[in-house]
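Chemist: 3D, please:
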Amino acid sequence: MMDSLENALEQAQTEETKVEEVVNQATSEVENVPAEEPAKEEAPAEQPVAETPAKEEAPTEEPVAETPAVEEAPAEEPIAEAPAEEPAAEAPTEVPAEEEVPAEKKEEEATTTEEPKKVYKTKQEILERVKEIAHGDENPVKEEIDHLKTLFYKLHIAERDAKQKEYLDAGGDPEKYVALPDDDEESFKAEMGIIKEKRAKLFQEQEAEKQENLKRKLAIIEQIKNMVTSPEEANRSYQDFKKLQAEWKEIKAVPAEKANELWRNYQLYVEQFYDLLKLNSEAREYDFRKNLELKTRLCEAAEKLADEPDVISAFHQLQKLHQEYREIGPVAKELREDMWARFKAASTVVNKKHQQHFENLRAKEEDNLARKTALCEKVEAIAQKENKSASDWEKRTREIMDIQAEWKTIGFAPQKMNVKIFERFRAACDDFFGRKAQFFKDMKARFAENAEKKRALVMQAQALQDSTEWKSTSDKLIALQKEWKTIGMVPKKLGDQLWNDFLTACNKFFEARNAANAGTRSQEHANLAKKRDIIQQLKAVAEEAAADAQETVMKLVDEYQSIGHVPYKEKDKLYKEYHAVTDKIYKELNISTARRRLDNFKSNLKDMAKRGEDALDNERARLFRQYENIKQEVQTYENNLGFLNASSKKGSSLIDEMNRKVQKLKDDMNLVREKIKAIDAENREQE
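Modeler: This is a model prediction of the structure:
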């Protein structure tokens, strides 16, 4: 009996040594598996990494009262994107591919692609959803809470910017603008505070549940440990062992910092139990065959993932397969190494594609950064150009808007540069639109000043529109029209109204003047006909050269001078024609021009005498002053003649011209002298 007990103990020690070798071999395999990269999705930092056995973290509690970092678009024109909404790519965490992950993380790590996020168009819709979460029975999901917060503040900031733009477009002072409180924002903050408390309470409950699960699993490990004392005990406890395995699988999450150690201890004693288990060969082989079938199906599923087009989804599915693989019991010892090698090889293919996906993503982000940098440089170059007119500003604005539209088509830049490149783009746009706003503000002020000037001219024109001072008023209105042209532009609608008022006042005056002068123009045309008839008679006299021609000429000249004004446009032409024929007649009849003028003067003395002696005396005094002035002018010309050089062609021509002027002046002096003598003779006759 003692010999049989010693043999049993020796056999148990041998089996325990074999189990230790198997465990060491499995541990070595786990440590040598290549590192894998976790998925990089919309929010990489928040996604669980299936292969990471490190401690689970409590749900991150975001501050409710603070506004999320959503970039605002520049004034006047919407900016392409906000950096806060661009998930920056983070370097994937390197985790051993085959490191053991406890079953309690299974649900969290089995997540594949994210469900599409619901689109909310208004702050009210977002607020209603937040209230449902805050006061309903559902547990808050961090991804949805962050999504709601980002959308709410994006709409809130856009609404605030629109109100500010409306205020500035209405002529408001940017320095005096104050954003009004938003009741929706206050309600949103209050509901988010409730959600924060709800999440904190849920976290505490989860932590308490994890502690309870830890106690239960420790108890299961202790029971299995007690079953592996000998092969006989393992045989007797097989059914209880299977129940404990089923119970273990039903228990979910435990504290993350205990998960790996707990799993290794559990796996260790399970392996020992199977190795010590002395079932009949059929039962043992059945268990191994069943596990082999399950693990083979998992290998096949992992191999099919190599053809999955969505590498992110394939990676997450692989994590689920790893979790299932670890839950399945052992296979026959001779197959364990080959089975694990097959499963690891399939995993490596998926992991490499996953790694390549992120390398391509990083290359794309670098290209996006280069493209966005080029757009920044374009906007900065446009912002530095000088715009002299509104059309220049509008042209450059369209260029900026096209660049902003192109910006929206470009994906994310690397995380470290994503916000910086947007801030650079935003600053260039803000600079341009800020200077544009100042330009139009100044132009609006100039328009107002020009409008006041034109209103003043309208009032002056309206004050003159009923005047009957035809000549002076015409000159004034023409001067106002010239001044109108010197005034700059005003807004079209107002400018058209002011011009219409100004033109109406001017037209009213000129139409009244034209109506008043209608009779005068008819008389002028009649005078024109009479004078042309006299000119024709003078021409006939010049041709006949009759003896009494002088008397006829004087009669016709007197008749011509007695006729009134002719149309202004015909005046110069008629004057030249008249003097041409009279000069010809006087020359041919040997009547000097001076004599003619003296005769005319003498003929007018009778009429002058009728007005009284004062009229003759006044005329004599005027003629005497004229005589002295002409005499002084003759002396001046004669003095200047002494300084001219008659030897040069130019000097000779100038002397001849001055001599002609001197002779004419002397003739005028003789005429004035004869007129004075005529007045003296008329005075003697009156006495």
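Chemist: Residue 418 contacts residue 412, correct?
Modeler: Yes: look at residue 418 against residue 412 with CB atoms under 8 Å: they come within range, at 6.0 Å. All C-beta spots, glycine's among them, are computed from the backbone N, C-alpha and C.
Chemist: any low-confidence regions in the stretch 451-600 of the chain?
Modeler: Along the stretch 451-600 of the chain, the parts satisfying pLDDT under 70 run over 518-520, 545-548, 550, 586-596.
Chemist: Show me the helices in it, by range?
Modeler: Here the stretch 451-600 of the chain has its helices, by DSSP state H, counting those that start in this stretch, at 470-486, 492-516, 518-544, 549-562, 568-588, 593-610.
Chemist: Select, out of these, the one closest to residue 121.
Modeler: helix 492-516 (36.1 Å; CB to CB).
Chemist: Quick check: which helices or strands does that closest one pack against?
Modeler: helix 415-464, helix 470-486 (3 or more CB pairs under 8 Å, 6 or more residues apart in numbering; DSSP states H and E).
Chemist: okay, these, which one's buried deepest?
Modeler: Mean neighbours per residue, mean count of other CB atoms under 10 Å, is largest over those for helix 415-464, with a mean of 17.
Chemist: Identify whichever of the helices of the stretch 451-600 of the chain lies nearest to residue 464.
Modeler: helix 470-486 (5.3 Å).
Chemist: packing partners for that closest one?
Modeler: By 3+ CB pairs under 8 Å, 6+ apart, helix 470-486 packs against helix 415-464, helix 492-516.
Chemist: possible to save those as TSV with distance to residue 256?
Modeler: As requested, the helices and strands packed on helix 470-486 are arranged in TSV below (distance: least, CB to CB, whole Å):
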stretch	distance to residue 256
helix 415-464	26
helix 492-516	72
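Chemist: out of those helices, which comes closest to residue 388?
Modeler: Each of these has some distance to residue 388 by CB to CB; the shortest is helix 415-464, at 9.5 Å.
Chemist: The closest one - contacts with which helices or strands?
Modeler: Against helix 415-464 (3+ CB pairs under 8 Å, 6+ apart) you get helix 333-384, helix 390-408, helix 470-486, helix 492-516.
Chemist: Could the C-alpha coordinates of the second one be exported in PDB?
Modeler: Extracted C-alpha coordinates of helix 390-408, given in PDB (Å, rounded to 0.1, in the frame of the first residue of the first chain):
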ATOM      1  CA  ALA A 390     -15.300  97.600 -54.400                       C
ATOM      2  CA  SER A 391     -15.000  95.400 -57.500                       C
ATOM      3  CA  ASP A 392     -11.400  94.600 -56.500                       C
ATOM      4  CA  TRP A 393     -12.600  93.400 -53.100                       C
ATOM      5  CA  GLU A 394     -15.400  91.400 -54.600                       C
ATOM      6  CA  LYS A 395     -13.000  89.800 -57.100                       C
ATOM      7  CA  ARG A 396     -10.600  88.800 -54.300                       C
ATOM      8  CA  THR A 397     -13.500  87.600 -52.100                       C
ATOM      9  CA  ARG A 398     -14.600  85.200 -54.800                       C
ATOM     10  CA  GLU A 399     -11.000  83.900 -55.000                       C
ATOM     11  CA  ILE A 400     -10.900  83.400 -51.200                       C
ATOM     12  CA  MET A 401     -14.300  81.600 -51.300                       C
ATOM     13  CA  ASP A 402     -13.000  79.300 -54.000                       C
ATOM     14  CA  ILE A 403     -10.000  78.500 -51.900                       C
ATOM     15  CA  GLN A 404     -12.200  77.900 -48.800                       C
ATOM     16  CA  ALA A 405     -14.300  75.500 -50.900                       C
ATOM     17  CA  GLU A 406     -11.100  73.600 -52.000                       C
ATOM     18  CA  TRP A 407     -10.000  73.500 -48.300                       C
ATOM     19  CA  LYS A 408     -13.200  71.600 -47.500                       C
END
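Chemist: List the buried residues in it.
Modeler: Of the residues in helix 390-408, 393, 396-397, 399-400, 403-404, 407 count as buried by neighbour count, 16 or more other CB atoms under 10 Å.
Chemist: what's the answer for stretch 490-509, then?
Modeler: So, applying 16+ other CB under 10 Å, buried residues of stretch 490-509: 490, 498, 501-502, 505-506, 509.
Chemist: Same question for stretch 304-320.
Modeler: In stretch 304-320, counting by 16+ other CB under 10 Å, buried: 305, 311-312, 314-320.
Chemist: would a markdown table of the helices and strands packed on helix 492-516 with distance to residue 609 be doable?
Modeler: Converted to a markdown table, the helices and strands packed on helix 492-516 look like this (distance: least, CB to CB, whole Å):
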| stretch | distance to residue 609 |
| --- | --- |
| helix 415-464 | 44 |
| helix 470-486 | 33 |
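Chemist: so what's residue 535 up against?
Modeler: Going by CB atoms under 8 Å, 6 or more residues apart in numbering, residue 535 touches 560, 574, 577-578, 581.
Chemist: Might you calculate how far the one helix or strand residue 683 maps to sits from the centre of the chain?
Modeler: Assigned by DSSP states H and E, residue 683 belongs to helix 649-686. Centroid separation for helix 649-686 versus its chain: 82 Å, with CA atoms, centre = their mean, to the nearest Å.
Chemist: Having no further points to raise, I will conclude here.
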